[in-house]
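A.B. asks: no sequence for this one, just the structure:
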Ligand code: 5AD
Ligand code: SF4
């Protein structure tokens with residue numbers, strides 16, 4: 001979500017005639033787009049602002065903008081601590097960026113941390129990194145209250161975007177050469193809960209959105225992130241299974257394998273129910289890859305709770321997992337819970353979890369060797385003469401050949417590691433998307 005906002009910030013500035021620069025010394029405008037979900041976003045922000053201070057002293061024309069979740073959270077605090085910041089712009093105010101910059105030119109430092117999103121970020125111009133794939137925002141904000149999470153504080157209540165707007169954006173993207181979209185929402189399963197279908201009392205549902213996006217001619221791959229195990233419904237599995245363009249991959253955040261910890265996190269599903277969903281998803285969509293998010297060291301997590309997480313990880317056989325050490329976010333319920341765990345305990349558990357999951361990921365990757373997949377070329381690999389591509393199951397494949405980004409090829413997998421597969425093409429590029 002944060003990266004998608006950065007594309008919009010870049011897009012707005014470029015639409016206003018600015019061009020990107022590699023060097024901060026050459027910049028006329030510097031934007032720090034902050035993400036506060038984990039770690040010390042605040043320390044990093046104030047550190048970076050410290051580095052920018054002498055630059056601003058040398059070049060009074062430099063404009064410094066702080067955007068994103070930390071801007072929303074810290075508000076006036078930012079300009080109190082760093083008076084050389086020209087614009088503080090919260091998560092809901094992106095469409096006003098150019099006006100705020102102009103106002104700052106005339107009147108000095110300004111701030112817009114309004115509490116309500118009027119225009120979806122995706123409706124703004126974007127400086128997309130790739131011409132062939134795009135993020136599309138389907139809802140912003142979150143109505144849940146997971147006790148570790150800062151998102152509801154900085155992104156507000158859920159607001160869904162009407163299906164017609166989403167489809168119009170995707171159709172435009174496809175006309176411009178996009179072949180893959182990733183639908184973005186904090187909790188895609190509750191998409192539409194805050195909307196009505198004009199002329200009826202029905203509400204649009206995520207499964208329906210998936211089916212309609214699947215109908216967009218020329219769109220080859222649909223991904224989405226993230227569903228919430230609590231709000232997951234069988235109609236989403238049906239829509240995934242019957243929509244050709246929806247990729248065989250689901251990111252399904254577990255967070256913890258201990259029922260006690262899930263309860264303390266206010267995640268209202270339990271481990272068996274989670275595992276049951278996995279079985280149903282895998283039965284309906286053979287070969288689907290499942291990835292997850294897991295937090296280690298939530299306040300009060302005991303050795304037994306952690307053992308429960310390891311056990312669920314063994315049983316779930318995730319194809320990949322993002323593992324995080326719990327990070328107290330100021331203002332969240334969990335941050336003020338007793339029994340914050342010592343760093344060493346969290347670190348040791350974290351390393352055990354990473355080792356276990358790496359072994360499972362490596363085994364899942366080895367099982368792909370000898371098989372052939374359609375892969376989408378993303379760009380140059382690390383070495384000259386190599387290319388990075390991706391399977392529908394979201395596995396990275398390195399090819400020893402240079403191919404244009406946006407191309408689909410068939411690749412046979414010859415080798416596998418933890419983080420990627422190695423393959424050779426068995427077909428010439430079929431579709432050039434860009
Ligand atoms: N500490 C650690 N990880 C967190 N996440 C969210 N908040 C925290 C936190 N306070 C993780 C969750 C979420 C992912 C995007 O970030 O696993 O799914
Ligand atoms: Fe945060 Fe929970 Fe909402 Fe996800 S569902 S954004 S973890 S509050």
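C.D. replies: In hand now; what should we look at? Remember, it's a predicted structure, so these values are computed and weren't measured experimentally. Ligands and ions are numbered 1, 2, ... in the order given.

A.B. asks: just the helices in the stretch 201-350 of the chain please.
C.D. replies: Along the stretch 201-350 of the chain, counting by DSSP state H, counting those that start in this stretch, helices occupy 206-214, 234-242, 259-264, 271-284, 303-316, 343-366.

A.B. asks: highest average neighbour count across the ones you listed?
C.D. replies: Highest mean neighbour count among those (mean count of other CB atoms under 10 Å): helix 206-214, with a mean of 21. C-beta here means a position set from N, CA and C on the backbone, and glycine is covered the same way.

A.B. asks: outside of it, which residues touch it?
C.D. replies: For helix 206-214, contacts defined as CB atoms under 8 Å, 6 or more residues apart in numbering pick out 138, 163, 166-167, 170, 181, 183, 188-192, 219, 222, 224, 233, 235-236, 238-240, 242-246.

A.B. asks: For PyMOL, write a command that selects the buried ones of those residues.
C.D. replies: The buried residues among the contacts of helix 206-214 can be selected in PyMOL (16 or more other CB atoms under 10 Å) with this line:
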select buried, resi 138+163+166+167+170+181+183+188+189+190+191+192+219+222+224+236+239+240+243+245+246
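
A.B. asks: Residue 301: what's its closest spatial neighbour, skipping adjacent residues?
C.D. replies: Spatial nearest neighbour of residue 301, excluding adjacent residues (CB to CB, 6 or more residues apart in numbering): residue 261 at 5.6 Å.

A.B. asks: doesn't residue 304 make contact with that neighbour?
C.D. replies: No - with contact defined as CB atoms under 8 Å, residue 261 does not count as touching residue 304 (10.2 Å).

A.B. asks: So the residue in the chain sticking out farthest from the centre versus residue 83, what's the distance?
C.D. replies: No residue in the chain sits farther from the centre than residue 58, which is 36.9 Å out by CA atoms, centre = their mean. Look at residue 58 and residue 83: by CB to CB, to the nearest Å, they are 17 Å apart.

A.B. asks: Which positions in the stretch 151-300 of the chain make contact with ligand 1?
C.D. replies: 253, 255, 293, 295 (CB under 6 Å from any ligand atom).

A.B. asks: follow-up on the earlier one: among the contacts of helix 206-214, which lie within strands?
C.D. replies: 181, 183, 222, 224 (DSSP state E).

A.B. asks: Skipping adjacent residues, who's closest to the first one in space?
C.D. replies: In other words, residue 181. Among residues not flanking residue 181 along the chain, residue 136 sits closest, at 5.0 Å (CB to CB, 6+ apart).

A.B. asks: Checking that neighbour next. Helix, strand or coil?
C.D. replies: Put simply, residue 136 is strand when judged by DSSP: H, G, I helix; E, B strand; the rest coil.

A.B. asks: Quick check: beta-bridge partners of it?
C.D. replies: residue 183 (DSSP bridges).

A.B. asks: I'd like to know how many residues surround it.
C.D. replies: For residue 136, the neighbour count with other CB atoms under 10 Å is 24.

A.B. asks: tell me the contacts of it?
C.D. replies: With contact set as CB under 8 Å, 6+ apart, residue 136 has these partners: 122, 166, 169, 170, 173, 181, 182, 183, 184.

A.B. asks: Could I get the pLDDT score of the second one?
C.D. replies: The predicted local distance difference test score for residue 166 is 96.

A.B. asks: Okay, it and residue 208: tell me how far apart.
C.D. replies: With CB to CB as the criterion, residue 166 and residue 208 are 11 Å apart.

A.B. asks: What residues of stretch 155-163 count as buried?
C.D. replies: 155, 156, 158, 159, 160, 161, 162, 163.

A.B. asks: Run through the residues you listed and flag the ones next to ligand 2.
C.D. replies: Checking those against ligand 2 by CB under 6 Å from any ligand atom, not one of them is in range.

A.B. asks: for the stretch 1-150 of the chain, what spans make up the helices?
C.D. replies: 2-15, 41-58, 69-74, 76-81, 97-107.

A.B. asks: Looking at these, spot the one closest to ligand 2.
C.D. replies: For these, the distance to ligand 2 is smallest for helix 69-74, at 11.2 Å, taking CB to the nearest ligand atom.

A.B. asks: Report the buried residues of that closest one.
C.D. replies: Buried residues in helix 69-74 (16+ other CB under 10 Å): 69, 70, 71, 72, 73, 74.

A.B. asks: Specify which member of those residues is nearest to residue 395.
C.D. replies: residue 69 (30.3 Å; CB to CB).

A.B. asks: From residue 329, how far out is the closest one?
C.D. replies: Counting by CB to CB, the gap from residue 69 to residue 329 is 10 Å.
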